[in-house]
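>>> Sequence first, then the predicted structure:
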Amino acid sequence: SLGSGLDPLTRALLYDPQTSGGLLVSLDPAAGPGVLDALRRDGVAVAVVGRVEARAAGDPVLVDAR
């Protein structure tokens, strides 16, 4: 679910109507700088937009602003 703290632009960025899905990549934080650099060298616009945190089994997934 999307939290109330997300502004409309951030909500829109989570979905790509051309592919019916988000354009997000999840990876180990230690690998982040190298992956970002490689993508930028290839002309891809990239940004870190969040992090994944552990949750208890059965808890809903929440995307929200901090």
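Structure's in. What do you need?
>>> all helices for this structure, in order.
For the chain, helices defined by DSSP state H occupy the ranges 8-13, 32-41.
>>> Indicate which one of those is closest to residue 1.
Of all the helices of the chain, helix 8-13 sits nearest to residue 1, with 11.5 Å by C-beta to C-beta. All C-beta atoms are positioned from the backbone trio N, CA, C, and that covers glycine.
>>> Just the mean pLDDT for the closest one, thanks.
Per-residue pLDDT values over helix 8-13 give a mean of 80.
>>> Buried ones in it, by neighbour count?
Residues of helix 8-13 include none that count as buried (16 or more other C-beta atoms under 10 Å).
>>> What helices and strands are in contact with it?
Using 3 or more C-beta pairs under 8 Å, 6 or more residues apart in numbering; DSSP states H and E as the contact test, no helix or strand touches helix 8-13.
>>> follow-up on the earlier one: nearest to residue 26, of the helices of the chain?
helix 32-41 (10.4 Å).
>>> neighbouring contacts of that closest one?
Contact with helix 32-41 is made by 25, 27, 46, 48, as judged by C-beta atoms under 8 Å, 6 or more residues apart in numbering.
>>> What is the most widely separated pair among the residues you listed?
Most distant of the contacts of helix 32-41, by C-beta to C-beta, are 27 and 46, 11.4 Å apart.
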